[in-house]
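Undergrad: got a predicted structure plus its sequence, pasted below:
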Amino acid sequence: MNLPAQDYDLAATLDSGQAFRWEPGPAGAWTGVIGRHWVRLRPAAGGLHAETAVPVADPGWLRHYLQIDLDLAAVLAGFPADAPLRAAVAHSRGLRLLRQDPWECLASFILSSTKQIVQIRQIVALLAARHGEPLVVPPGEPPAHAFPTAAALAALPESALRDCKMGFRAPYLLAAARAVADGRLDLGAVAGLPLPAARDALVTLPGVGPKIADCVLLFAYGFPGAFPVDVWVRKALRQLYFPRRAPSPARLERFVATYFGPHAGYAQQYLFHYMRTRPPALTPP
């Protein structure tokens, strides 16, 4: 199916550290899993082309996940008119924030702690292959599995999670799965909370700090003010906005909270992707 879209950078969107179940293929194609759907996406004239293993009558779920209907120009117009953000947008204009399943997003970012993106993908793939339900795939394609539900993981011993090479993150993931499965954490209710309260609800989980919480709030719930600060974003802020003197943590926190405007989370993702992937020659003075 064809999905009309303007200004959509598929590679930047799927390879910008916000989701971990997409693999690149020939001719700019990307193959992954969304919910219980095997999906292959590729750029096409006027937008994107999507292939699913099972015919889809209503692609609304796919449009929602990809955030195709977002007015990206309006988002970018809300950014501060500064040199770092101009460079970041020019580097990957068309990068979108996905709208992921909250449980999968939460679990994935619990597994992301101190790991590089390629390692996170490996852990997530192994977890899904061993404990997720098998999905229908086109003939000749490798097997694919849905991400395991919270209930499925809550029923496992910790050793089964450690066998998925997640190390010290295993008890954190297990605690989160049990909290969601038994209703102590209502992920559906988080969407209706103000940003500070939503963050507070998530950081009650072991292994979930403000950075992981903000990743989930931004990439699953779409809170525009969520601004995850990891090593790359901290590096971007210090090099691009405070090049002469390293700011204190309190100063950096105030800057993030007030400077980037109504779409701060989007600005964060552009800066994150820019810092990870820019050629050295593009480094601003």
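TA: Yep, that arrived.
Undergrad: which stretches of the stretch 151-285 of the chain have low pLDDT?
TA: Counting by pLDDT under 70, the ranges of the stretch 151-285 of the chain that qualify are 280-285.
Undergrad: quick one: the helices in it?
TA: Per DSSP state H, counting those that start in this stretch, the stretch 151-285 of the chain carries helices over the ranges 158-162, 170-181, 187-190, 195-202, 210-219, 231-240, 249-259, 264-277.
Undergrad: what residues sit buried inside the last one?
TA: In terms of neighbour count (16 or more other CB atoms under 10 Å), helix 264-277 has its buried residues at 264-275. Bear in mind the C-beta positions are built from the backbone N, C-alpha and C, glycine included.
Undergrad: repeat for the second one
TA: Neighbour counts using 16+ other CB under 10 Å place 170, 172-181 of helix 170-181 among the buried residues.
Undergrad: what distance do you get for the nearest residue to Val256 once chain neighbours are set aside to Gln122?
TA: Nearest residue to Val256, sequence neighbours excluded (CB to CB, 6 or more residues apart in numbering): Phe227, at 5.1 Å. The gap separating Phe227 from Gln122 is 27 Å, by CB to CB, to the nearest Å.
Undergrad: for these two, indicate the residue with more neighbours.
TA: More neighbours surround Phe227 than the other of Phe227 and Gln122, with 24 against 15 (other CB atoms under 10 Å).
Undergrad: OK, contacts around that one?
TA: Neighbouring residues of Phe227 by CB atoms under 8 Å, 6 or more residues apart in numbering: 214, 218, 233, 256-257, 260, 264-265, 267-268.
Undergrad: do Ala189 as well
TA: Listed by CB under 8 Å, 6+ apart, the contact partners of Ala189 are Ala201.
Undergrad: the residue nearest to Tyr270 when sequence neighbours are not counted: what secondary structure?
TA: Among residues not flanking Tyr270 along the chain, Ala88 sits closest, at 4.1 Å (CB to CB, 6+ apart). With DSSP: H, G, I helix; E, B strand; the rest coil as the basis, the three-state label of Ala88 is helix.
Undergrad: how many neighbouring residues does Ala88 have?
TA: Applying other CB under 10 Å, we find 25 other residues in the vicinity of Ala88.
Undergrad: if I look at it, how far off is Pro80?
TA: With CB to CB as the criterion, Ala88 and Pro80 are 11 Å apart.
Undergrad: re the thing from before, right, and the residue nearest to Tyr270 touches Gln269 too?
TA: No - assessed by CB atoms under 8 Å, Ala88 is found out of contact with Gln269, at 9.1 Å.
Undergrad: show me the contact partners of stretch 163-173.
TA: Stretch 163-173 has contacts (CB under 8 Å, 6+ apart) with 107, 110-111, 113, 122-123, 126-127, 130-131, 153, 158, 161-162, 205-208.
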